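>>> A predicted structure for the sequence below; I have some questions about it.
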Amino acid sequence: MPVMTESGAGTETAVRVADVLLLFTDGPSTLGVTRISRELGLSKAVVHRILRSLMTRGMIAYVPSSREYRLGPAIAALGARALRESDLRSAALGVLRRLRDETGETATLTSHVLDGRVYLDQFEGRHEIKMTVELGRRFPLHAGSSGKCMLAFLPAAEQERVLAGRLDALTPDTITDPVALRAELARVHARGHAVSAGERQADAGSVAAPVFGLSGDVVGAISVCGPRYRLTADFAERIAPQVRAAASQISRRMGWHGGE
């Protein structure tokens, strides 16, 4: 029987704590012990210990009315600090604003995270009826243009791992068949941008292009999004070159020198 060293036990505990915190970035704003236990495959006793420890540091708060837990103020402070100091967000700031001004629609910046993506920033569209996104919430890579364009440029092994995992339907138009998704990703890779028509949010359309870092790895995506009745296939095709150019400019600010 293998013996768990102190270092190994500490690493396992840290991973479990991180997994509990990350669970709050995906679904409901509050979670109960039973759901956390089920989602992570941990005993309720272990979950209770982790939550109690996180509560003492202000990272988790208890909601008496629902007898569930939510993220605490310390996590909000960490998130705000991370956004302020994000190199990707700093590199994209002016480009994102200009893209919004040129298209009139909401321009967004997304970062690649483990098994998903999160919106880092947005400049809301000029129209009275416009689309906005939820900053900081994790979304899957297979749904929506920002996710698809990152997924299309991930290393083959990582891409296949995503395709072999859960491909939940966020809307009736989400591509959940691995064969169809693989074909879609090949098209995205060939043209350098992705288009979505109601795949992540039913009434929204978007066009996105990947952003690369110094090593050439995809680190995020920039998109233009709006109501589907305005962001039609023709409009998406017309603005796609602008979105690709904006993504390339941000990539070069991040140190990428590909495509030359």
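Here it is on my side, so go on. Please read these numbers as outputs of a predicted model, since none were measured by experiment.

>>> Quick one: low-confidence residue ranges for this protein.
Scanning the chain for pLDDT under 70 picks out 1-10, 26-27, 76-77, 79-86, 259-260.

>>> Tell me which stretches of it form strands.
For the chain, strands defined by DSSP state E occupy the ranges 60-63, 68-71, 106-113, 116-123, 138-139, 194-197, 204-212, 218-227.

>>> in the second one, what counts as buried?
Applying a neighbour-count criterion of 16 or more other Cβ atoms under 10 Å, one finds Glu68, Tyr69, Leu71 buried in strand 68-71. No exception for glycine: its C-beta is placed from N, CA and C like everyone else's.

>>> The second one touches Met59, doesn't it?
No - Tyr69 is not in contact with Met59 according to Cβ atoms under 8 Å; the separation is 10.1 Å.

>>> Columns distance to Asp177 on top of the buried residues of strand 68-71, output as CSV?
As requested, the buried residues of strand 68-71 are arranged in CSV below (distance: Cβ to Cβ, whole Å):
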residue, distance to Asp177
Glu68, 34
Tyr69, 36
Leu71, 34
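
>>> Pick the one among these closest to Glu102.
Lowest distance from Glu102 to these (Cβ to Cβ) belongs to Leu71, with 35.8 Å.

>>> Quick check: bridge partners of the closest one?
Leu71 forms beta bridges with Ile60, as assigned by DSSP bridges.

>>> who are the neighbours in contact with it?
With contacts defined as Cβ atoms under 8 Å, 6 or more residues apart in numbering, Leu71 is in contact with Leu21, Phe24, Ser29, Met59, Ile60, Ala61.

>>> residue contacts, the first one?
With contacts defined as Cβ under 8 Å, 6+ apart, the neighbours of Leu21 are Leu54, Met59, Ile60, Leu71, Ile75.

>>> tell me which residues in the helix of greatest length in the chain are buried?
With secondary structure taken from DSSP state H, the chain has its longest helix at helix 233-253. Neighbour-count burial for helix 233-253 flags 235-236, 239-240, 242-244, 246-253 (criterion: 16+ other Cβ under 10 Å).

>>> Please tell me how far Ala197 sits from Ala180.
Distance, Ala197 to Ala180, using Cβ to Cβ, to the nearest Å: 14 Å.

>>> Please read the previous query as pertaining to Leu214.
Applying Cβ to Cβ, one obtains 33 Å for the distance of Leu214 from Ala180.

>>> swap in Tyr62?
Using Cβ to Cβ, one gets 43 Å for the distance from Tyr62 to Ala180.

>>> which one of those two has more residues nearby?
For Tyr62 against Ala180, the residue with the higher neighbour count under other Cβ atoms under 10 Å is Tyr62, and the figures read 14 against 11.

>>> Spatially, and excluding backbone neighbours, which residue is closest to that one.
Leaving aside its chain neighbours, Tyr62 sits nearest to Tyr69 (5.8 Å; criterion: Cβ to Cβ, 6 or more residues apart in numbering).

>>> CA atoms of the longest helix of the chain as PDB?
Presented in PDB, the C-alpha positions along helix 233-253 are these (Å, rounded to 0.1, in the frame of the first residue of the first chain):
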ATOM      1  CA  ALA A 233     -24.400  35.900 -40.900                       C
ATOM      2  CA  ASP A 234     -23.800  38.800 -43.400                       C
ATOM      3  CA  PHE A 235     -22.900  41.200 -40.600                       C
ATOM      4  CA  ALA A 236     -20.600  38.700 -39.000                       C
ATOM      5  CA  GLU A 237     -18.800  38.100 -42.300                       C
ATOM      6  CA  ARG A 238     -18.400  41.800 -42.900                       C
ATOM      7  CA  ILE A 239     -16.800  42.500 -39.500                       C
ATOM      8  CA  ALA A 240     -14.800  39.300 -39.200                       C
ATOM      9  CA  PRO A 241     -11.600  40.900 -40.800                       C
ATOM     10  CA  GLN A 242     -11.800  43.700 -38.100                       C
ATOM     11  CA  VAL A 243     -12.100  41.100 -35.300                       C
ATOM     12  CA  ARG A 244      -9.200  39.100 -36.700                       C
ATOM     13  CA  ALA A 245      -7.100  42.300 -37.000                       C
ATOM     14  CA  ALA A 246      -7.900  43.300 -33.400                       C
ATOM     15  CA  ALA A 247      -7.000  39.900 -32.100                       C
ATOM     16  CA  SER A 248      -3.700  40.000 -34.000                       C
ATOM     17  CA  GLN A 249      -2.900  43.400 -32.600                       C
ATOM     18  CA  ILE A 250      -3.500  42.200 -29.000                       C
ATOM     19  CA  SER A 251      -1.500  39.100 -29.700                       C
ATOM     20  CA  ARG A 252       1.500  41.200 -30.800                       C
ATOM     21  CA  ARG A 253       1.200  43.300 -27.600                       C
END
